[in-house]
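K.L.:
return a 3D structure for these sequence lines:
(one chain, ligands or ions: 1)
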Amino acid sequence: MDNSNTRNPSVAVIGAGMTGILMAIKLREAGISDITILEKADKVGGTWRENTYPGVACDVPSHMYTYAFRRNPEWNHRMAHGEQIQDYFQQVANEYGITDQVRFNESLDKSHYRDGKWYLTSSKGNEFVVDFVVAATGILHHPAYPEIKGLDSFGGAMWHTARWNHDVDLAGKRVGIIGTGSTACQVISEIAKTAGHLTVFQRTPQWICPLPDHDYSETEKARMRANPKRMDRTANVSAFLFRNTFSKAVTGSKLNHAVISWLTKRNLRRSVRDPELRAKLTPDYPVGCKRLIFSNTFYEAVQRENVHLETHGIDHIEAGGVTTRDGNQHDLDVLILATGFSPFNFMRPMDLRGRDGLSIDEAWSKKVQAYRSVCLPGFPNFFLMLGPNTPIGNYSVIAMSEVQSQYVLKLIDRWRSGTLETVEATEDAKARFNAHLRKGMANTVWVGGCQSWYLDEDGDPALWPYSWQQWEKEMAEPDLGDFHRRAPAEIVPLQPAEKAA
Ligand code: NAP
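P.N.:
Sure, this is the predicted structure:
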């Protein structure tokens, strides 16, 4: 679109992780230069900056886990390690001149909308007035701490996996880990090699699918460097497989589900010969109900002599260790909480107020919902990246963000041209969109009887219940009939001073 005769917006991007970097690059490409980027930490990278636990890696193939406009021939492994992914994001942010533009160590504390503008106050007390806000604050960034009696009385070192304590050497120590999710499986595989003894406290077994890793040789990397199309092809093959096998398996294709289930169950049968241990590791829910874990090392790790899989359930924790419901005390020097995240907090605790003083807590008091995952009725000119019902599940969040950033830019374009006075989806559009989601949910495997972080308080999955292809199609063009053409009249709330008078 030629935007030479149109309004040029100012945009605040909150967060300089994978999505914030992408959004800033894409806004620039669209000719928008007035961009303020706030980042709470001292580096870009988001989740890859925060998760530094041993074994941290991506379980989506690395050539698929890159921006489509900036492939990376340097990946060392098919499943890239966290450190290399963090380097990649830093490099991209530097190359595109984003790093210099980020206001580091400055988070967004408060923001309110009034009469076509957003008024922001940062943690440093700086104030900004902008036309648009893009919350690129990620999904899994609020560590969830378990509610277990006596947790705080533990006398040894204890930390959450997202806050890894690198000062403690685990070699030779008695280590306990709570949880067996994607994070725990990576950590366990790694620390089992050095811990004196490792007790894995498993509440619910997980299905684990094999996904062989591969180290890229210098020759392979040189070929990728010489021929970028080779990288595209590698990425596209992985994407094709994920879209047409796994994504369909969890959203209703019985045949695909049977194939994935067979592969996963065979993996358990072949990897764990001891029937008692195998029984402990066998879930009673369908494959894919919880996020499927891809690992070639976890089963091997739990069969080591220095590892014990504890399934009796935790009764309480005290200074010396963990007591399980069978009355056994497990003496520990270190306790690691691999207990996941609170995914429904999104950009909170930010004090976010939209039109008519509506707070985000009020808007979401009954249910966390959005229109097309990115737009919130009552919050004009505000976009939430990777919001509720983004098609998470084992797929590249980068690909998801790329689709969403295009959608957001198209909406900003409509504002620039004056087609939309403000960008605000209607309540009715949100209701219709969520009814459409609900219809698809019944066919998904996520409602197959397990508990997972995918489910909200009502037990509804916060995922996209149809195919990736359908999501791309529905996100290709904004349906302007779902937006207010003219800004709804504002009932401007009284300011405290006015109230007192
Ligand atoms: P998670 O999947 O939510 O797993 C949390 C684990 O902690 C579960 O095993 C859970 O048991 C256990 N747990 C929680 N509270 C407990 C309690 N009070 N007592 C006992 N056990 C308790 O969290 P995660 O492993 O950090 O993974 C979260 C997501 O991060 C993944 O699903 C994935 O999307 C992402 N991730 C991705 C990668 C990657 O390679 N791309 C790697 C790591 C993480 P229950 O099952 O019984 O609830």
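K.L.:
and residue 271, how many neighbours?
P.N.:
18 (other CB atoms under 10 Å). Using the backbone N, CA and C atoms, a C-beta is placed for each residue, glycine as well.
K.L.:
now it. Nearest residue, chain neighbours left out?
P.N.:
residue 299 (3.8 Å; CB to CB, 6 or more residues apart in numbering).
K.L.:
hang on, isn't that neighbour packed against residue 281?
P.N.:
Yes: using CB atoms under 8 Å, residue 299 is in contact with residue 281, at 7.4 Å.
K.L.:
counting neighbours, what do you get for residue 417?
P.N.:
For residue 417, using other CB under 10 Å, the count is 14.
K.L.:
where's the spatially most central residue of the chain, which helix or strand?
P.N.:
Taking CA atoms, centre = their mean, the centroid of the chain lies closest to residue 139, which sits 4.0 Å from it. Under the criterion DSSP states H and E, no helix or strand holds residue 139.
K.L.:
backbone phi and psi for residue 208, please?
P.N.:
phi -130, psi 120 (degrees, to the nearest 10).
K.L.:
surely it touches residue 266?
P.N.:
No: the pair residue 208 / residue 266 is not scored as a contact, 11.3 Å apart, by CB under 8 Å.
K.L.:
who has more neighbours out of the two?
P.N.:
residue 208 (24 against 12).
K.L.:
re earlier: overlap in contacts, residue 299 and residue 281.
P.N.:
Taking CB atoms under 8 Å, 6 or more residues apart in numbering as the criterion, residue 299 and residue 281 both touch 268, 272.
K.L.:
count of neighbours near residue 173?
P.N.:
18.
K.L.:
buried residues in stretch 323-342?
P.N.:
Using 16 or more other CB atoms under 10 Å as the test for burial, stretch 323-342 gives 323-324, 330, 332-341.
K.L.:
for those, which one is nearest the ligand?
P.N.:
Closest approach between those and the ligand, by CB to the nearest ligand atom: residue 340, at 2.6 Å.
K.L.:
ok, the closest residue to that closest one other than its chain neighbours - contacts?
P.N.:
The spatially closest residue to residue 340, leaving aside those adjacent along the chain, is residue 144, at 5.0 Å (CB to CB, 6+ apart). Residues near residue 144 by CB under 8 Å, 6+ apart: 339, 340, 341, 342.
K.L.:
farthest pair within those residues?
P.N.:
339 and 342 (10.3 Å; CB to CB).
K.L.:
between those two, which contacts overlap?
P.N.:
With CB under 8 Å, 6+ apart as the test, residue 339 and residue 342 both reach 143, 144.
K.L.:
the residue nearest to the centre of the chain reaches residue 385, doesn't it?
P.N.:
No: in this structure, residue 139 is not within contact of residue 385 by CB under 8 Å, at 9.4 Å.
K.L.:
the buried residues of stretch 323-342 in strands, which ones?
P.N.:
323, 324, 330, 334, 335, 336, 337 (DSSP state E).
K.L.:
need those in TSV with distance to residue 225, can you?
P.N.:
Putting those into TSV (distance: CB to CB, whole Å) gives the following:
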residue	distance to residue 225
323	56
324	53
330	50
334	42
335	45
336	39
337	41
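K.L.:
with distance to the ligand and pLDDT added, can I get those in JSON lines?
P.N.:
Formatted as JSON lines, those follow (distance: CB to the nearest ligand atom, whole Å; pLDDT from 0 to 100):
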{"residue": "323", "distance to the ligand": "13", "pLDDT": "98"}
{"residue": "324", "distance to the ligand": "11", "pLDDT": "98"}
{"residue": "330", "distance to the ligand": "13", "pLDDT": "98"}
{"residue": "334", "distance to the ligand": "17", "pLDDT": "98"}
{"residue": "335", "distance to the ligand": "12", "pLDDT": "98"}
{"residue": "336", "distance to the ligand": "11", "pLDDT": "98"}
{"residue": "337", "distance to the ligand": "8", "pLDDT": "98"}
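K.L.:
could you tell me which residues of this protein lie near the ligand?
P.N.:
Residues of the chain lying close to the ligand (CB under 6 Å from any ligand atom) are 57-60, 140, 146, 148, 178-184, 186, 203-204, 291, 314, 338-341, 451, 453.
K.L.:
what's the ChimeraX line that selects buried ones from those residues?
P.N.:
Paste this into ChimeraX to select the buried members of the residues of the chain next to the ligand, with burial taken from 16+ other CB under 10 Å:
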select :57,58,59,60,140,146,148,178,179,180,181,182,183,184,186,291,314,338,339,340,341,453
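K.L.:
would you mind measuring from the closest residue to the ligand within the stretch 1-150 of the chain to residue 340?
P.N.:
The stretch 1-150 of the chain approaches the ligand most closely through residue 146 (3.1 Å), counting by CB to the nearest ligand atom. Counting by CB to CB, to the nearest Å, the separation of residue 146 from residue 340 is 9 Å.
K.L.:
one more: residue 36?
P.N.:
Taken as CB to CB, the span from residue 36 to residue 340 is 32 Å.
K.L.:
the closest residue to the ligand within the stretch 401-501 of the chain: what's it in contact with?
P.N.:
Proximity of the stretch 401-501 of the chain to the ligand (CB to the nearest ligand atom) peaks at residue 453, 4.3 Å away. Contacts of residue 453 were listed using CB under 8 Å, 6+ apart, and they are 291, 340, 341, 343.
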